[in-house]
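S.K.: Need the 3D shape of this:
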Amino acid sequence: MFPVRLLPRRRGLGAEPGATRSLFFNRAWIGGAGIVLLLGVATGMTALSLLALLVLVTAGLGAAWNRWSLVGVEYQRVLSIDRAFPGDVVTLTITVVNRKPLPLPWLAIEDELAEALQPVDRETTMSGTTGRRVLRIVSNVRPYERVTWRVPVRCPARGLHTLGPVTLRAADPFGFFSSRLTRDVADAVLVYPRLVPMPELGFPPRLALGETRVVRHLLSDPSRVVGVRDYRPDDPFRSVHWKATARQGALQVRIAEPTTTLQLAIFVNLDTFEHYWEGLDVATAERVIEVAASLSSWATGQRYAVGVYANGVVAGSDQALRIPPGRGPAQLPRLLEGLAKISPYSTVAFVRTLRAGTVRLPWGSTIVVVTSLLPEGVLAQLAGLMASGHRVVLVVVGELDVPMVRGLVVRRVQGLRAAAVEPALEMPVSST
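M.R.: Alright, predicted model coming up:
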């Protein structure tokens, strides 16, 4: 498996005055205090005048303090990593800086995050948005002080989990007024699907996808020169090794190392019931995605050119997942990212996904179908693909009766472990 880079993410804001409301005073209070002050002065009642003056001064001081409480306040959220696997713990660092001489006797930070993210040892409250929770931190901040909180957050489930917006609330020392400022400071943690070793899936360590009997396309890698030989008339001119030619006094050509590229296309069927109105078995769909991710990781390590196709929409777009086969260090993170973002709801008929994805696959490619059921027409498509020279492997998740099809390799994944290969269904493809 190729390494996946885990990078920090940073977001921040500088607060400006936000919405203000009084928790105690209103226009009636202020107007009444003004009238009482005038009556006290007019009648010479000093105590009444002082009481009214105290109310007005307290209200004015509290309102002015509250008006400036969130001015010069900076908020920053930093995630230790933005890529993780299920069960990983991400450190969420929250920093507040008060860049003014006015202290904050009461400051509340309300950071919204996806329900799938679970802060460790900190309680969250319900949000007004479905599937969201609110992480609340309350503190006081002195003048020109920087306060930092580090919150471990567990990532138990696959998906693209977002954080934000954040709301800052502050109040005056008397608690008579409060102000609120909300900013859409967004971050996200991408949690890859869980990767399961092939033996744990019930696949044999060797020949996990059956015997590889397809023809391997021998190519030459021009970047790997293993020697030189005499020039022949059918050799291309660009293969001439001029330095060796000068040394030998006769035309010499490079001998490139032969390479073998195996194309592997994984098709993920997210249908869990025959008809869409019957609902969705989320656990089964997630298991299908996990198996597809595990196969992608294994095949990449086996130097396959791996691609993934699914009949589910990728988060943030209206397109189904479609990643053509490829190789290189960036291919596995790309595959895992696509499978992490995919919705468990199928949006396209799987037969269409299979037909569209196999059109451009080269002859002799290996096609792996990961599914928990067999929609109508899929077996006929698989038989046609085998007849056209492709290697086809059907990976069944759960209980599913598969009719015997000549040349079809079947693997079963049940629960945490999988049963062995069904030998009766693993028949060689006849050649002519």
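S.K.: strands paired with the host helix or strand of Glu110, and their directions?
M.R.: Glu110 belongs to strand 104-114 when assigned by DSSP states H and E. Paired neighbours of strand 104-114 in the sheet (DSSP bridges): strand 132-141 (antiparallel), strand 159-171 (antiparallel).
S.K.: And the strands in the stretch 1-150 of the chain?
M.R.: 9-14, 19-22, 73-79, 83-84, 88-98, 104-114, 118-119, 124-126, 132-141, 146-155 (DSSP state E, counting those that start in this stretch).
S.K.: Out of these, which gets nearest to Gly364?
M.R.: In terms of Cβ to Cβ, the element of the strands of the stretch 1-150 of the chain nearest to Gly364 is strand 83-84, at 34.1 Å. Yep, even glycine has a C-beta here, placed from its N, CA and C like the rest.
S.K.: Distance from that closest one to the middle of the chain?
M.R.: The chain centre lies 7 Å from the centre of strand 83-84; the measure is Cα atoms, centre = their mean, to the nearest Å.
S.K.: Give me the helices and strands touching it, please.
M.R.: Under the contact criterion of 3 or more Cβ pairs under 8 Å, 6 or more residues apart in numbering; DSSP states H and E, strand 83-84 touches strand 187-191.
S.K.: Please work out which of the strands of the stretch 1-150 of the chain is packed deepest.
M.R.: Burial of these is given as mean neighbour count (mean count of other Cβ atoms under 10 Å); strand 83-84 ranks first at a mean of 22.
S.K.: same question for it, mean pLDDT?
M.R.: Averaging pLDDT along strand 83-84 yields 96.
S.K.: and it, which strands flank it?
M.R.: Here strand 83-84 has these sheet partners by DSSP bridges: strand 187-191 (parallel).
S.K.: Could you pull out the buried residues of the next helix or strand after the partner strand?
M.R.: Following strand 187-191 in sequence order, the next helix or strand is helix 198-201 (DSSP H and E). For helix 198-201, the neighbour count (16 or more other Cβ atoms under 10 Å) marks 198, 201 as buried.
S.K.: Geometric centre of the protein: which residue is closest?
M.R.: When the chain is reduced to its mean C-alpha position, the closest residue under Cα atoms, centre = their mean turns out to be Leu190, at 2.6 Å.
S.K.: what pairs with it across the strands?
M.R.: Arg83, Leu160.
S.K.: Contact partners for it?
M.R.: Residues near Leu190 by Cβ atoms under 8 Å, 6 or more residues apart in numbering: 82-84, 159-161, 337, 340-341.
S.K.: quick one: average confidence on the biggest helix by length in the chain?
M.R.: In the chain, assigned by DSSP state H, the helix with the most residues is helix 46-68. Confidence for helix 46-68, expressed as mean pLDDT, is 78.
S.K.: before we move on, what about stretch 237-257?
M.R.: 82.
S.K.: Send me stretch 35-48 as PDB with only the CA atoms.
M.R.: The C-alpha trace of stretch 35-48 is given here as PDB (Å, rounded to 0.1, in the frame of the first residue of the first chain):
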ATOM      1  CA  ILE A  35     -38.300  59.600  34.600                       C
ATOM      2  CA  VAL A  36     -37.400  58.600  38.100                       C
ATOM      3  CA  LEU A  37     -34.200  60.600  37.900                       C
ATOM      4  CA  LEU A  38     -36.000  63.700  36.900                       C
ATOM      5  CA  LEU A  39     -38.600  63.300  39.600                       C
ATOM      6  CA  GLY A  40     -35.900  62.700  42.200                       C
ATOM      7  CA  VAL A  41     -34.100  65.900  41.200                       C
ATOM      8  CA  ALA A  42     -37.300  67.900  41.000                       C
ATOM      9  CA  THR A  43     -38.500  66.700  44.500                       C
ATOM     10  CA  GLY A  44     -35.100  66.700  46.100                       C
ATOM     11  CA  MET A  45     -35.200  63.000  46.900                       C
ATOM     12  CA  THR A  46     -31.500  62.100  46.800                       C
ATOM     13  CA  ALA A  47     -31.900  58.400  47.300                       C
ATOM     14  CA  LEU A  48     -34.400  58.100  44.400                       C
END
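S.K.: thinking again about what came up before, and the longest helix of the chain, what does it pack against?
M.R.: Helix 46-68 is packed against strand 19-22, helix 27-43, strand 177-183, with contacts defined by 3+ Cβ pairs under 8 Å, 6+ apart.
S.K.: list the buried ones in stretch 330-342?
M.R.: 331-342.
S.K.: ditto for stretch 231-246
M.R.: Applying 16+ other Cβ under 10 Å to stretch 231-246 flags 231, 239, 241, 244 as buried.
S.K.: Over to stretch 300-309?
M.R.: 300, 304-309.
S.K.: can you state the direction angle for the strand holding Glu110 and strand 146-155?
M.R.: If you take axes from the mean of the first three to the mean of the last three Cα atoms, to 10 degrees, strand 104-114 sits at 20 degrees to strand 146-155.
S.K.: Taking strand 73-79 as reference, get the angle to strand 104-114.
M.R.: 30 degrees.
S.K.: send the alpha carbons of strand 104-114 over as PDB?
M.R.: Extracted in PDB, the C-alpha atoms of strand 104-114 (Å, rounded to 0.1, in the frame of the first residue of the first chain):
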ATOM      1  CA  LEU A 104     -13.700  39.300  28.300                       C
ATOM      2  CA  PRO A 105     -15.200  38.200  31.600                       C
ATOM      3  CA  TRP A 106     -17.400  35.600  29.700                       C
ATOM      4  CA  LEU A 107     -16.700  34.100  26.300                       C
ATOM      5  CA  ALA A 108     -18.500  31.100  24.800                       C
ATOM      6  CA  ILE A 109     -17.300  29.300  21.700                       C
ATOM      7  CA  GLU A 110     -19.900  27.200  19.900                       C
ATOM      8  CA  ASP A 111     -18.200  25.200  17.100                       C
ATOM      9  CA  GLU A 112     -20.500  23.100  14.900                       C
ATOM     10  CA  LEU A 113     -19.300  19.700  13.700                       C
ATOM     11  CA  ALA A 114     -20.600  16.700  11.900                       C
END
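S.K.: and it with strand 177-183, angle?
M.R.: Using the same axes, to 10 degrees: strand 104-114 against strand 177-183 is 40 degrees.
S.K.: What's the mean pLDDT across strand 104-114?
M.R.: Strand 104-114 comes out at a mean pLDDT of 95.
S.K.: ok so, going back, now the buried residues of stretch 231-246 in JSON lines, with secondary structure?
M.R.: Shown next, in JSON lines, are the buried residues of stretch 231-246 (DSSP: H, G, I helix; E, B strand; the rest coil):
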{"residue": "Tyr231", "secondary structure": "coil"}
{"residue": "Ser239", "secondary structure": "helix"}
{"residue": "His241", "secondary structure": "coil"}
{"residue": "Ala244", "secondary structure": "helix"}
